[in-house]
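[1] Structure of the sequence below:
(one chain, ligands or ions: 1)
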Amino acid sequence: MKIVKTIAEVRAAVKEWRSEGLTVGLVPTMGYLHEGHASLIDASVRDNDRTVVSDFVNPMQFGPTEDLQSYPRDLEHDAALAEAHGADLIFNPEPDEMYHEGFSSFVDMTVLTQELCGLSRPVHFRGVCTVVSKLFNIVTPDRAYFGKKDAQQLAVIRHMVDDLNMPLEIIGCPLIREEDGLAKSSRNTYLNAEERKAALVLSQAIKIGSELVKGGETNAEKIVSAMKAHIEAEPLARIDYVKLVDAATMQQIPTLDRPALCAIAVYIGKTRLIDNFFTEDVKA
Ligand code: AMP
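    As a prediction, this is how the structure comes out:
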C-alpha cells in the first residue's frame with residue numbers, strides 16, 4: 001500500500017490501474033480511522049480491483065467555532081488499518097494541495113442541506129460537496145463508499161451525483177456501533193469517562209424510536225417526544241435536534257407514510273454527536 005501526498009501521484013497510480021483495465025473504489029474519510037471506516041474499505045475491496053482511501057481533515061467543512069484544530073489525526077494508525085483491510089493507496093494531502101492560493105470555486109446545494117445538520121452547521125455541506133467533487137475528479141472512481149452514520153451527507157452526495165451527472169456509483173454502508181451501542185466516531189475520543197457513559201442516551205433514544213416504528217407507530221410527534229424525553233433526562237446531554245424527515249428530501253414529515261430517516265444530534269458536554277435510523281431498515 002502506498003501513501004501519497006499529491007494529486008499528481010494519485011492520478012499516476014489510477015492511470016496505471018486503468019491501463020490494466022482495473023476498477024477503482026474510493027473511500028473518502030477525515031482519518032483517525034475506526035471499524036466504521038474499515039467497513040467501507042472492506043466493501044470497496046470486495047467490489048473493486050483497487051481501493052483508494054482519502055485521509056484529509058477538510059478545513060472547508062468546519063465552521064469558525066468548530067473543532068478543526070483539535071480534530072484527531074494519526075496517519076500511522078490509519079495506514080496500518082487501511083492496509084490490513086486491503087486498501088491500495090492512501091491520499092493524505094496538505095490543505096494547500098487541495099486548496100491552492102486563489103481557490104474560489106464551490107459546489108453547493110439547496111433544500112437537502114437546509115435541514116438537520118445544515119441548520120446548525122451552515123457552511124458544512126458546501127465544504128463536503130466541494131471536497132467530495134474534487135476527490136471524484138482526482139480519483140475518477142467507479143464507486144465511492146459512504147456510511148449511513150452520516151445519513152444526511154449520504155443523501156446530499158447521492159443528490160449531487162444525480163444532479164451533476166457524475167459518472168460513478170454511490171454505495172451506502174451500514175452504521176457500525178461500539179458493543180454498548182454508541183455509534184463509532186472519531187469524535188468519541190473527545191469524551192471523558194463520565195461523558196462516554198452519558199453518550200449512550202443517543203443510541204438508547206434511537207432504540208426507543210426504532211422500537212416504536214417497528215411496533216407500527218406512524219405519528220412522528222409521538223416518536224420524537226419519546227426520544228427527546230429519554231435524552232432530556234441525562235444532565236450532560238443537550239439536544240440540537242431530534243427529527244423525522246423524508247429519507248430522500250430531508251424535509252420534516254408529520255406521518256410515517258414513506259421511507260423516512262430519524263436523525264438526532266446531541267451535545268454531550270462540548271462534543272456534538274449524531275445518530276440515526278432509517279425506517280426502512282427497522283421494518284426490514
Ligand atoms: P469521517 O472520517 O467521519 O468523515 O467519515 C468518513 C466516512 O466514514 C463517512 O462516509 C462516514 O459516514 C463513514 N463512517 C464514519 N463513522 C461510521 C460508522 N460508525 N459506521 C459506518 N460508517 C461510518
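[2] Check whether stretch 121-133 comes into contact with the ligand.
    No - using CB under 6 Å from any ligand atom, stretch 121-133 stays clear of the ligand, coming no nearer than 8.6 Å. To be clear about C-beta, it is placed using only N, CA and C from the backbone, and glycine gets the same treatment.
[3] Buried ones in that stretch, by neighbour count?
    Using 16 or more other CB atoms under 10 Å as the test for burial, stretch 121-133 gives 121, 123-133.
[4] One more: stretch 224-238?
    Buried, per 16+ other CB under 10 Å, within stretch 224-238: 224, 226-228, 230-231, 234, 236-237.
[5] same deal with stretch 12-30?
    Buried-residue list, stretch 12-30, by 16+ other CB under 10 Å: 13-14, 17, 24-30.
[6] As TSV, these with pLDDT would be great.
    Shown next, in TSV, are those (pLDDT from 0 to 100):
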residue	pLDDT
13	98
14	98
17	98
24	99
25	99
26	99
27	99
28	99
29	98
30	98
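[7] Farthest pair within these?
    By the measure CB to CB, 17 and 30 form the most distant pair in the buried residues of stretch 12-30, at 24.5 Å.
[8] Strands of the protein, residue ranges please.
    2-4, 24-29, 50-55, 89-91, 143-147, 169-173, 237-246, 260-268, 271-278 (DSSP state E).
[9] Need those in CSV (columns: distance to residue 214).
    Output for the strands of the chain, formatted as CSV (distance: least, CB to CB, whole Å):
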stretch, distance to residue 214
strand 2-4, 44
strand 24-29, 31
strand 50-55, 35
strand 89-91, 40
strand 143-147, 23
strand 169-173, 21
strand 237-246, 14
strand 260-268, 12
strand 271-278, 10
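[10] Helices of the chain, residue ranges please.
    7-19, 35-47, 75-84, 95-98, 117-120, 124-139, 151-163, 193-198, 200-214, 220-232, 279-283 (DSSP state H).
[11] Of these, which is nearest residue 262?
    helix 200-214 (5.1 Å).
[12] mean confidence score for that closest one?
    The average of the pLDDT scores along helix 200-214 is 98.
[13] near the ligand at all, that helix?
    No - applying CB under 6 Å from any ligand atom, one finds helix 200-214 separated from the ligand by no less than 11.0 Å.
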